[in-house]
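> for reference, the sequence and a predicted model appear below.
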Amino acid sequence: MLVDCGEGSLGALCRRFGSGVEGRLLGLTRVWISHVHADHHAGLCSVLLARAHALAREHGRVSATALKAGCQRAQVPAPAFPVLAVVADEPVRGIVLDTIASLEASGVRVWACCVAPSTPLPWPPLHSFFVRHCHRALGLRAELGPATSVVFSGDTVPCRAVVEQATGCTMLIHEATFSDAMAEDASRKRHSTVGGALGVARQARPGVTVLTHFSQRYSHMTSAAKIADSADSSAPGSGPVLLALDGMQLPVDAPQCIALASQVRRVYRVVCARSHE
Ligand SMILES: [Zn+2]
């Protein structure tokens with residue numbers, strides 16, 4: 001499952017999984033999209049296209065194997081691939097439907113549909129809830145096991161809905177677009193600062209909090225320094241906190257994440273130090 005699919009998602013998947021990316025695309029059955037801003041869905045077309053090509057190649061492989069086994073061409077089974085459900089609310093739904101329709105109109109069979117967030121789907125159970133960002137922006141709670149749940153804030157200012165959903169969850173992934181020094185920008189653009197996100201964590205007490213969605217408007221190095229400083233000064237009382245890195249892979253297990261937290265913080269510190277050399 002992909003949670004949001006911004007521009008560059010396919011490239012990130014390729015970097016992460018290398019030659020295994022095709023298998024991952026074949027196994028992808030759900031994409032959940034939080035809201036209408038392009039950095040959360042602009043990569044959907046590329047992912048659908050790459051998955052369609054992977055499915056076509058898979059069909060070719062299945063057909064070739066059947067023919068080699070002595071089947072007549074007419075006996076080779078027609079492909080029946082799992083349909084990918086893109087979970088999206090209005091107004092993203094219209095964009096998703098247009099994307100699927102334009103790919104299909106150009107002759108690409110994408111094996112995908114768009115469903116409302118309230119649609120019951122196979123595992124894992126998802127619960128979408130409204131947050132405070134733009135029109136109908138959503139956060140997500142995913143139940144991964146009897147005592148394992150992940151809550152994703154989407155883009156939002158710190159809000160009660162995230163606190164309620166994240167209370168007692170295993171992992172809270174919260175946006176922290178701005179450093180604490182940019183609280184005015186955060187409020188105007190309806191995003192969170194690092195301190196605001198950690199305030200949510202202090203109230204919800206998740207097993208671990210992962211901060212992400214750091215602003216790209218500022219130099220990466222400066223941003224890293226400010227984020228690390230903000231996290232250090234705002235952290236007391238908010239429980240274990242990790243700062244997300246591109247391509248980071250985490251177990252949904254608070255003790256294992258806690259063991260990684262200091263290493264991740266060290267990476268940010270190294271980035272900061274190098275920026276001052
Ligand atoms: Zn947004």
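Noted; the coordinates are in hand.
> only C-alpha atoms for contact and neighbour calcs from this point on.
OK.
> so who does E164 touch?
A204 (C-alpha atoms under 8 Å, 6 or more residues apart in numbering).
> what is the mean pLDDT for the host helix or strand of it?
Using DSSP states H and E, E164 sits in helix 160-166. For helix 160-166, mean pLDDT rounds to 97.
> and that helix, C-alpha only, in PDB?
Output of helix 160-166 as PDB, limited to C-alpha atoms (Å, rounded to 0.1, in the frame of the first residue of the first chain):
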ATOM      1  CA  ARG A 160      -7.900  17.300  18.100                       C
ATOM      2  CA  ALA A 161      -8.800  14.600  15.500                       C
ATOM      3  CA  VAL A 162      -5.200  13.500  15.200                       C
ATOM      4  CA  VAL A 163      -4.800  13.400  19.000                       C
ATOM      5  CA  GLU A 164      -7.900  11.300  19.400                       C
ATOM      6  CA  GLN A 165      -6.900   8.800  16.600                       C
ATOM      7  CA  ALA A 166      -3.300   8.600  17.700                       C
END
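> and it, which residues are buried?
162-163, 165-166 (16 or more other C-alpha atoms under 10 Å).
> now do stretch 177-194
So for stretch 177-194, counting by 16+ other C-alpha under 10 Å, buried means 177-180, 183, 185-187, 190-194.
> now swap in stretch 247-257 and tell me
252, 254, 257.
> which single one of those is nearest to V150?
Proximity of the buried residues of stretch 247-257 to V150 (C-alpha to C-alpha) peaks at V252, which lies at 7.7 Å.
> and C114, how many neighbours?
21 (other C-alpha atoms under 10 Å).
> can you tell me the element the closest residue to it other than its chain neighbours falls in?
Nearest residue to C114, sequence neighbours excluded (C-alpha to C-alpha, 6 or more residues apart in numbering): V86, at 4.7 Å. Assigned by DSSP H and E, V86 belongs to strand 84-87.
> and that strand, which strands flank it?
Its sheet considered, strand 84-87 pairs with strand 30-32 (parallel), strand 112-115 (parallel) by DSSP bridges.
> max-length helix in this protein?
helix 44-68 (DSSP state H).
> give me every residue that touches D253.
D253 neighbours (C-alpha under 8 Å, 6+ apart): 170-171, 207.
> can I assume P125 is in contact with E143?
Yes. P125 is within contact range of E143, at 5.5 Å (criterion: C-alpha atoms under 8 Å).
> between those two, which one's more packed in?
The residue with more neighbours, out of P125 and E143, is E143; 18 against 13, by other C-alpha under 10 Å.
> count of residues packed around A50?
There are 18 residues near A50, going by other C-alpha under 10 Å.
> my bad, should have said V87
There are 24 residues near V87, going by other C-alpha under 10 Å.
> how about it, what does it touch?
30-33, 114-117.
> any idea how far R24 is from V83?
R24 sits 14 Å away from V83 when distances are taken as C-alpha to C-alpha, to the nearest Å.
> higher neighbour count, those two?
Between R24 and V83, R24 has the larger neighbour count (other C-alpha under 10 Å), namely 16 against 13.
> how about the helices in the stretch 151-277 of the chain?
Assignment of helices within the stretch 151-277 of the chain using DSSP state H, counting those that start in this stretch yields the ranges 160-166, 183-188, 194-204, 220-234, 254-275.
> figure out how far the host helix or strand of I100 is from the centre of its chain.
According to DSSP H and E, I100 maps onto helix 92-105. A distance of 20 Å separates the centroid of the chain from that of helix 92-105, by C-alpha atoms, centre = their mean, to the nearest Å.
> quick one: that helix to helix 44-68, angle?
40 degrees (axes from the mean of the first three to the mean of the last three C-alpha atoms, to 10 degrees).
> run through who's touching helix 92-105.
Contacts for helix 92-105 (C-alpha under 8 Å, 6+ apart): 33, 35-36, 44-45, 49, 86, 88, 109-110, 112-114.
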